[in-house]
Structure formats: structure tokens, C-alpha cells
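Visitor: Pasted the sequence and its predicted model underneath.
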Amino acid sequence: MAESDAFDLDKFDVRPLAQEGVDMELLDPSGAGTGVILIVRGYDSQAYKDVVEAQLRRRTAQLPRKPTEEESRMEFYSENAALLAGWKGRPLTRGGKPVEYSQPNAAQLLQDYDYILEQVRRFAGNRRNFLPGSATS
């Protein structure tokens, strides 16, 4: 078999960019650009996997007790916050005060604004966004 006939897996390794994060402009609910750039990780990122695994270990340690609805909700937003590596561009504010990037702030944003959560999850789930040479981070 000729080397040119081979399928080179490394050409399609999304993990490095999924971990680093890729720039995504946040759209407002009307679909207009905001100038806010979210740095989004992919579901293949180690940061995301680490959060999911930590939650699984915590749940396993608590067996046979099931998590409460509130615990499950907090896990969901924490897990999705791991998809955000930061933000830049136009500053985010709430009540006139800047919102600096942190995992707790990211989780709160995703909890409070469904349209942001939806965009982050959709972007993170599209592996094409993390192909080598396809992203501008």
C-alpha cells in the first residue's frame, strides 16, 4: 500500500486546538455580532474531560445516594463552563460592572443566558472548528 493511500490520523487530530480553544464571536439573540470573542474548547479537550471525570468520581463516592436536582444542575453548568477557556474583545459587563473570566463566572453566564450556552455547546460539538489549520485562535 502506498503512503499516499494511507489515512493519516494526525491530520485530523482535533485535540490540540480543542484544548487550547478557538475564537468564536458571540452573537446576540437576534443573531448580530457582539464583538465579544469567546475562546471555546471542544468536547475532545482534556480540560472538559477532566471536569466530567471528576464529577463521575464524586458521584461514585456518594453512591448509593443520588445527586439532588440542584447538584445535577450545578454539575451541568460546571461541565459546560469547562468548554470556555476565556473571553476577549469587547468587554462583558453586568449591571455596568465588568465580568472577568473565571470558571465560576463562566458557569454563571451559561446558567443565566441560554443563548450563550447554546452557542458554546454547538461550537464545541463541531469538530471541524478544531481541525488543524481551520481555526484562528
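Guide: Everything's here; your move. Residues are numbered from 1 along each chain as shown.
Visitor: residues contacting the closest residue to R15 other than its chain neighbours?
Guide: Using C-beta to C-beta, 6 or more residues apart in numbering and skipping residues adjacent in sequence, the residue nearest R15 is D44, 5.2 Å away. All C-beta atoms are positioned from the backbone trio N, CA, C, and that covers glycine. The neighbours of D44, taking C-beta atoms under 8 Å, 6 or more residues apart in numbering as the test, are V14, R15, A18, Q19, R127, F130.
Visitor: Now the first one, what are its backbone angles?
Guide: What that stands for is V14. phi -90, psi -10 (degrees, to the nearest 10).
Visitor: about what we covered before: kindly state the pLDDT recorded for the residue nearest to R15?
Guide: As predicted, D44 sits at a pLDDT of 97.
Visitor: ditto for E20
Guide: At E20, pLDDT is 97.
Visitor: That one and A81: what is the separation?
Guide: Using C-beta to C-beta, to the nearest Å, one gets 17 Å for the distance from E20 to A81.
Visitor: hmm, back to that, most surrounded residue in the contacts of D44?
Guide: F130 (28 neighbours; other C-beta atoms under 10 Å).
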